[in-house]
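S.K.: below is the sequence, then the predicted model.
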Amino acid sequence: MTAGEQQRYVGRKVSRVDGPAKVRGEATFTAEFDLPGLTHGVLIEAEIAHGRVSRVAAQAALEVPGVLGVFSHESGGFDLQAVKGYPKGPAGTSILPFQDADVKFRGQPVALVVAETLEAAQHAALLVEIEYEEQEHHVTLDDGIGGFRLADLRTSRMELDHSRGKAGKVLDSADEVLEATYDTPTHHHNPMEMHAVIAEWDGEDRVTLYEPTQWMQSAQGTLAATLGLEPDNVHVISPFVGGGFGSKATTWPHVLVAVLAARAVKRPVKLVLTRAQMFAAVGYRPATRVAYRAALEEGGKVSAMELRASSQTGPVDVFPEQVGSVPKMLYATENLDFRQQLVHTHAGPNIMMRAPGEAPGAFGLEVLMDELAEQAGMDPLAFRRANHTDTDLESGKPYSSKHLLECYEKGAAAFGWDRRTPGVGSMRDGDTLIGWGMATSVYPVYASAATARARLCPGGSFEIEAGSHDIGTGTYSILAQIAADALGVDIGRVRVKLGDSHLPKNGYSGGSRTAGSVGSAVLAAAQGLRQEVLGLALQDPRSPLHGVAPIDVSAEGGELRAGERRDTYSDILARSGQHQHEVYREVIPNGGSQKQLDQLKKGKDGSVEAVTDEYARYSFGAVFVEVRVDPDFMTPRVSRVVGAFDIGQVINAKTAHSQLTGGMIWGVGMALHEQGETDPASGLLTNSNFADYHIPVNADIGTVEAIMLDHPDFHVSALGARGAGEIGIVGTPAAVANAVYHATGKRVRSLPITVDKLLG
């Protein structure tokens with residue numbers, strides 16, 4: 001909230017306002033919508049990574065009772081002439097489905113079966129015979145570097161390379177130089193709710209799309225441009241999203257396939273991806289490799305760094321995994337040279353995945369900092385303090401707010417870091433090896449133009465409308481909190497409406513931006529509503545507040561008050577003769593732009609990032625980890641994690657804590673478990689299931705504590721909030737790796753840290 005605002009809910013632990021509906025099964029997710037005449041689709045993906053489809057034999061499938069069509073590049077059922085192009089946003093793919101026989105990536109859709117029932121569609125899909133002409137494939141980072149072309153970085157809208165000072169000269173003359181290379185593998189999102197879509201046409205120029213999306217404007221704008229429709233004629237409905245982590249931030253080919261199939265069969269079509277398809281059809285975090293050279297001077301200062309990075313991307317599209325974003329700004333290294341190459345592969349288009357760039361990029365940097373600390377004979381935390389900076393050396397700007405040193409202090413105190421003994425293998429519990437490690441966390445502040453509407457309804461209840469999304473992070477709750485405090489009413493009187501493209505336009509729910517961006521719009525709308533309703537009262541001779549100075553009026557307890565003189569929202573509305581009173585507001589938070597707002601209002605995606613202001617805006621944190629390692633089997637277990645985070649104003653202490661602890665748990669999984677495995681012969685994934693793609697379970701996680709400093713940053717937005725969704729994962733994998741080294745003496749520079757690497 002803005003300075004001076006009464007805060008009854010903001011900053012407190014508030015249970016999710018949508019929690020009861022979810023527990024009772026009343027919250028409708030995409031696959032649960034049931035429309036009259038609904039048909040079912042089953043997607044068939046390519047069984048090769050690269051090549052051509054030479055034949056599609058669909059006759060047996062078409063003879064299955066209830067089958068309405070089998071669609072592929074060979075079928076005439078799709079009106080491909082209606083496709084005007086497939087505009088690619090900042091992520092995803094520009095490859096149109098079913099346009100030709102070419103297979104450009106594994107997981108590419110090659111056919112779709114539509115039937116009256118799901119069972120019929122599934123059975124028929126098994127009967128479709130597809131023959132391929134396989135061609136040479138390159139699906140891993142190593143294969144791509146060895147046999148594929150490098151991506152053209154000029155096609156990217158993101159600045160990757162960075163150079164300052166004279167890194168090469170300093171390194172060449174330095175007495176102490178450390179060289180090391182750090183690798184991270186491919187990771188796959190796999191949220192609880194699988195990707196799904198229901199498409200229903202109204203005539204030839206209007207379509208309603210039910211989809212779990214993190215970016216309603218992208219779905220609306222992409223389909224409108226692709227099919228030559230007006231954006232307002234593409235109605236996107238997405239009231240609840242069961243997790244996305246970035247995978248639901250773009251319009252994937254299976255969405256267009258379902259939309260075209262619905263037009264062909266002239267009935268609604270539902271398509272739900274299988275869990276196995278989720279590994280191939282909706283993006284992934286690409287593999288990365290960063291080679292460092294770092295110069296160490298007396299006193300533990302890192303005087304120069306040189307980084308050479310490689311990361312994979314799709315076969316034609318470019319989405320950089322920005323592994324240099326953290327090294328470029330985090331420490332006081334005045335001489336730095338960073339270069340990154342992107343490598344096309346047939347693994348398919350990659351996309352954002354929780355803390356894209358920062359999560360893998362911080363792994364190498366924060367393990368490197370531990371190695372440098374050891375070389376300097378310093379405690380890892382003291383070494384980081386010695387290299388702390390109050391200025392972003394990448395941009396040359398001061399930080400809008402930075403309390404990293406306080407994160408170090410509070411995190412270390414809660415963890416008990418001062419009891420750490422420095423020697424490798426020096427800490428034990430009986431025979432069990434104990435290791436303590438730590439790392440710094442950082443995540444940039446993104447902002448988007450946003451809009452919202454606040455409405456006073458009969459009886460004194462309120463509605464908040466924003467065409468944004470709740471992807472499981474608690475957006476319904478925080479917006480209700482913000483509005484309730486601004487209006488001075490009980491949160492139970494506020495109903496929040498999200499997930500509909502007919503609502504006021506908003507952008508992408510990702511990059512930890514929703515709280516600051518959409519929250520600011522809701523704050524402006526709610527404050528505007530309160531002011532306008534107060535104006536009605538002050539001008540009404542029948543109101544107890546008539547003639548009172550506006551500055552003397554406060555909003556609390558569901559009333560507008562000036563001393564003993566009080567009036568209720570419901571009475572003011574009733575006397576005005578209006579059925580309801582509403583206020584619409586548009587905001588451009590610091591870091592947003594008028595261009596974003598114009599795009600939103602036109603039904604575009606609003607994705608353009610604006611040039612930052614005079615401040616560098618980041619959130620910061622410090623993660624401390626304890627691991628326990630069996631000395632005979634070398635099996636590492638994380639027994640304790642403590643993180644301290646500077647994330648600006650905390651809107652909901654309960655949901656923010658959940659986001660931060662969830663991020664740290666994911667970081668443990670990234671350190672010890674997660675890795676996509678590829679069959680070299682076929683180029684396909686061999687572990688596209690939860691039995692073989694390992695993620696942490698309860699038994700893998702000990703105690704996890706998140707400390708929030710709660711320093712509002714009003715340079716970011718009127719709320720002072722910076723978001724908590726992604727920073728928790730950043731640094732945690734390195735903290736685990738550093739703890740494993742402290743316990744075992746094994747320095748693992750390639751994730752995940754598995755038993756074979758510790759025994760080798």
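M.R.: That came through, no problem.

S.K.: show me where the stretch 301-450 of the chain has strands.
M.R.: Counting by DSSP state E, counting those that start in this stretch, the stretch 301-450 of the chain has these strands, from start to end: 301-313, 335-344, 391-392, 397-398, 427-429, 432-444, 450-456.

S.K.: which parts of the first one are buried?
M.R.: So that's strand 301-313. Residues of strand 301-313 classed as buried: 301-307, 309-313 (neighbour count, 16 or more other CB atoms under 10 Å). (Glycine included, C-beta is placed from N, CA and C.)

S.K.: what average pLDDT does that strand get?
M.R.: Strand 301-313 comes out with an average pLDDT of 97.

S.K.: what pairs with it, parallel or antiparallel?
M.R.: Partner strands for strand 301-313, per DSSP bridges, with pairing direction: strand 288-297 (antiparallel), strand 335-344 (parallel).

S.K.: remind me which residues of the chain are low pLDDT?
M.R.: Low-confidence segments of the chain (pLDDT under 70): 1-6, 76-91, 151-158, 591-592, 603-612.

S.K.: this structure - how does it break down into domains?
M.R.: In terms of domains, the chain is parsed into 19-25+450-587, 33-136+192-243+248-281, 395-446+613-759 (source: automatic domain parsing).

S.K.: mind putting those into CSV with distance to Lys602 and mean neighbour count?
M.R.: Supplementary listing: the domains of the chain in CSV, determined by distance: least, CB to CB, whole Å; neighbours: other CB atoms under 10 Å:
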stretch, distance to Lys602, mean neighbour count
domain 19-25+450-587, 9, 21
domain 33-136+192-243+248-281, 7, 20
domain 395-446+613-759, 21, 21
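
S.K.: which of those domains sits closest to Thr345?
M.R.: For those, the distance to Thr345 is smallest for domain 33-136+192-243+248-281, at 8.1 Å, taking CB to CB.

S.K.: distance between the ends of that closest one?
M.R.: Between the opening and closing residues of domain 33-136+192-243+248-281 lies a distance of 23 Å (CA to CA, to the nearest Å).

S.K.: same check, this time on stretch 27-44
M.R.: End-to-end distance of stretch 27-44 (CA to CA): 30 Å.

S.K.: now stretch 261-280
M.R.: The first residue of stretch 261-280 is 21 Å away from its last residue (CA to CA).

S.K.: hmm, back to that, so for Gly460, which of the strands paired with strand 301-313 sits nearest?
M.R.: When those are compared (using CB to CB), the closest one is strand 288-297, at 54.2 Å.

S.K.: buried ones in that closest one?
M.R.: Within strand 288-297, the residues that qualify as buried are 288-290, 292-296, counting by 16+ other CB under 10 Å.

S.K.: the stretch 1-150 of the chain: helices as residue ranges?
M.R.: According to DSSP state H, counting those that start in this stretch, the stretch 1-150 of the chain carries its helices in the segments 19-23, 59-62, 118-127, 141-147.

S.K.: which of the helices or strands spans Leu523?
M.R.: Element membership for Leu523, per DSSP states H and E: helix 514-538.

S.K.: quick check: angle from that helix to strand 450-456?
M.R.: Counting by axes from the mean of the first three to the mean of the last three CA atoms, to 10 degrees, helix 514-538 points 40 degrees away from the direction of strand 450-456.

S.K.: name the helices or strands packed onto helix 514-538?
M.R.: Packed against helix 514-538 by the contact rule (3 or more CB pairs under 8 Å, 6 or more residues apart in numbering; DSSP states H and E) you find strand 450-456, strand 462-465, helix 475-487, strand 559-562, helix 569-576, strand 581-587.

S.K.: I'd like these written out as TSV, with distance to Pro20 added.
M.R.: Conversion of the helices and strands packed on helix 514-538 to TSV gives the following (distance: least, CB to CB, whole Å):
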stretch	distance to Pro20
strand 450-456	23
strand 462-465	18
helix 475-487	11
strand 559-562	27
helix 569-576	25
strand 581-587	26
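
S.K.: which among the ones you listed is found nearest to Ala681?
M.R.: helix 475-487 (44.6 Å).

S.K.: let me know the next secondary structure element after the closest one.
M.R.: Scanning forward in sequence from helix 475-487 by DSSP H and E, the next helix or strand is strand 494-497.

S.K.: mind listing what that next one pairs with, with the direction of each?
M.R.: strand 462-465 (parallel).

S.K.: picking up where we left off before, and Gly377, which of the helices and strands packed on helix 514-538 is closest to it?
M.R.: When the helices and strands packed on helix 514-538 are ranked by proximity to Gly377 (CB to CB), helix 475-487 comes first, at 46.0 Å.

S.K.: now the angle from that closest one to helix 514-538?
M.R.: If you take the same axes, to 10 degrees, helix 475-487 sits at 30 degrees to helix 514-538.

S.K.: and the gap between Asp646 and Gly41?
M.R.: 47 Å (CB to CB, to the nearest Å).

S.K.: now do Pro191
M.R.: Separation of Pro191 from Gly41 (CB to CB) stands at 21 Å.

S.K.: equivalent analysis for Thr313, please.
M.R.: When CB to CB is applied, the distance between Thr313 and Gly41 equals 29 Å.

S.K.: for Pro422, same thing?
M.R.: Summarising the geometry, the distance separating Pro422 from Gly41, computed by CB to CB, is 60 Å.

S.K.: what about His388, how many residues nearby?
M.R.: Neighbours of His388 under the rule other CB atoms under 10 Å: 14.

S.K.: quick one: end-to-end length of stretch 44-52, please.
M.R.: In stretch 44-52, first residue to last residue: 15 Å (CA to CA).
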